[in-house]
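structure for this input, please:
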Amino acid sequence: MTTNRILGIIEGFYGEPYSHDVRLMMIDHIGHWGWNSYVWAAKSEPRHRELWDQPFTQEELQQFAELSSRHAGVKFVIGLTPGSGATNDQVVEKLRPAITAGATAVALCFDDLPVLNAALDHQRIAHAVRDALQIPVWITPTHYAGLTSSPYLVALCDGLGDDIEVMWTGNYVVNDTISVKDAVARRTATGGRAPLVWDNVPVNDAFMRAHLHLGPLQGREQGLQDVCSGFLWNPMVEPHASMLMLETAAAWWRGEDAQAAWGTAVDRDGWRWLAEATAYRGDLHWPGESPSRAWWESVRDMPDMKDEVMPWVHAARSGARVALAALAVIEADVTNLSQEELSRLMRPLMVWHTHRIAPVLTFGRGPRQRPLATQNDHGKFVFRPGTITESESLVDTLVHKALTAINS
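This next block holds a predicted model:
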């Protein structure tokens, strides 16, 4: 396996950016895994995107220095989204203090911008930053998903320095699978340039906020390590919860079994019950269509966890209580029960509606929403079926069976 690859985390989600302490923690983890890059690019960092032309604060520069020196093997990469009309000097002078503070590369994030006619500007800025600051430059192009070229990609890549990385999320914004064939197609679309993969897992921002992604990395083909220039994983808004999938990504990169690594991690760190309770059909950690009574009891009795995931813990516990009440009805001979006995069985089901309106999703409850969007040969986004899917909760399935038994 090729070893000189870019590997790390890109903090590139929409939502509350990580605290400085969390970023230090994440660098500690990725240094332990042998990864080499942490990218500061959270969309809601004001001086990353909205106030891109405003100088970094002294506090931010001090934090950049600490992040840069945290681990000898992990470089700190500063991300920036220059606005329309940005000049070379503006971008270079904005970034120079961050480089002085210790950042060793720049990620120019032109993703999710409403223009596909700025490729030459993006190329110009990338060359200017590289030449003025003498550092590696990575670009997230405006056309960052899909397998085809576009006028934007042609204009961007024609004449772009071979040393400048061009990022790619896969065929879609969020991908169930990324194959070697996909990566080769992207390489062809960008004039033979190996893609730097911005992998949008386990991220749960935007309209995925009700979901937790606590399973193992899956669907990434062995061999991508040799045809891509590297992988950067975009974590969830919940940083500690993100460690589960990221640890399995490290195992996958080494050629190991990601699911086995996941099993070790969830049992070591106490995440198994919540992970399985927030899974969906098709996930490797889905608990099955008919979990045992013991499983429901374990979910009901799970201890408190990190504050960041407590909404899902509360929802899982409440759902498990409803499921166990439904099982009691299903297992009873309701036709031979007195009205009082049946009432005692039914009473715990009365909180079903409260569980169903929880703002977070558990037990496969739909709708499941993911940006399964690609970009066509004009660079425009198109959504595919599966972006929004209905899915019946395991709790609802059991309650429906219980109600059928009561009403039969």
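
break down the stretch 251-400 of the chain into its helices, ranges please.
Under the criterion DSSP state H, counting those that start in this stretch, the stretch 251-400 of the chain carries helices at the ranges 258-269, 272-277, 293-300, 310-331, 339-346, 352-356, 394-407.

select, out of the ones you listed, the one closest to Lys380.
Across these, Lys380 has its closest neighbour in helix 258-269 (33.5 Å, Cβ to Cβ). Backbone N, C-alpha and C define where each C-beta goes, glycine included.

turn the helices of the stretch 251-400 of the chain into TSV, including mean pLDDT, mean neighbour count and distance to Gln58.
Below are the helices of the stretch 251-400 of the chain laid out as TSV (pLDDT from 0 to 100; neighbours: other Cβ atoms under 10 Å; distance: least, Cβ to Cβ, whole Å):
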stretch	mean pLDDT	mean neighbour count	distance to Gln58
helix 258-269	98	17	37
helix 272-277	98	24	40
helix 293-300	98	17	47
helix 310-331	97	20	35
helix 339-346	92	12	63
helix 352-356	95	16	48
helix 394-407	96	18	51
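
could you dump the ones you listed to CSV with distance to Asn4?
Listed next are those as CSV, based on distance: least, Cβ to Cβ, whole Å:
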stretch, distance to Asn4
helix 258-269, 23
helix 272-277, 34
helix 293-300, 44
helix 310-331, 39
helix 339-346, 64
helix 352-356, 50
helix 394-407, 46
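
nearest to Ala119, out of those?
helix 258-269 (36.1 Å).

next one: stretch 143-157 to chain centre, how far?
23 Å (Cα atoms, centre = their mean, to the nearest Å).

so for that stretch, mean pLDDT?
For stretch 143-157, the mean pLDDT works out to 98.

what lies in contact with that stretch?
Stretch 143-157 has contacts (Cβ atoms under 8 Å, 6 or more residues apart in numbering) with 111, 116-117, 119-120, 122-123, 139, 141-142, 166-173, 182, 185-186, 188-191, 193, 198, 373-379, 381.

ok, now stretch 351-362?
210-212, 277-278, 311-312, 314-316, 318-319, 321-322, 365, 368, 393, 395-396, 399.

before we move on, the earlier item: PyMOL command to pick out the buried ones of the contacts of stretch 143-157?
Buried members of those, defined by 16 or more other Cβ atoms under 10 Å, are picked up in PyMOL with:
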select buried, resi 111+116+119+122+123+139+141+142+166+167+168+169+170+171+172+173+182+185+186+189+190+191+193+198+373+374+375+379
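
now, the contacts of stretch 143-157 that are in strands?
When those are checked against strands (DSSP state E), the matches are Ile139, Val166, Met167, Trp168, Trp198, Ala373, Thr374, Gln375, Phe381.

spatially, which two of those residues are the most separated?
For those, the maximum inter-member distance is 20.0 Å, found between Ile139 and Ala373 (Cβ to Cβ).

ramachandran angles for Cys109?
In this entry, Cys109 is assigned phi and psi values of phi -100, psi 90 (degrees, to the nearest 10).

what residues does Glu60 make contact with?
Here Glu60 is in contact with Arg47 (criterion: Cβ under 8 Å, 6+ apart).

oh sorry, the question was meant for Pro82
Applying Cβ under 8 Å, 6+ apart, we find Pro82 in contact with Trp52, Asp53, Gln90, Val91, Leu108, Phe110, Ile125.
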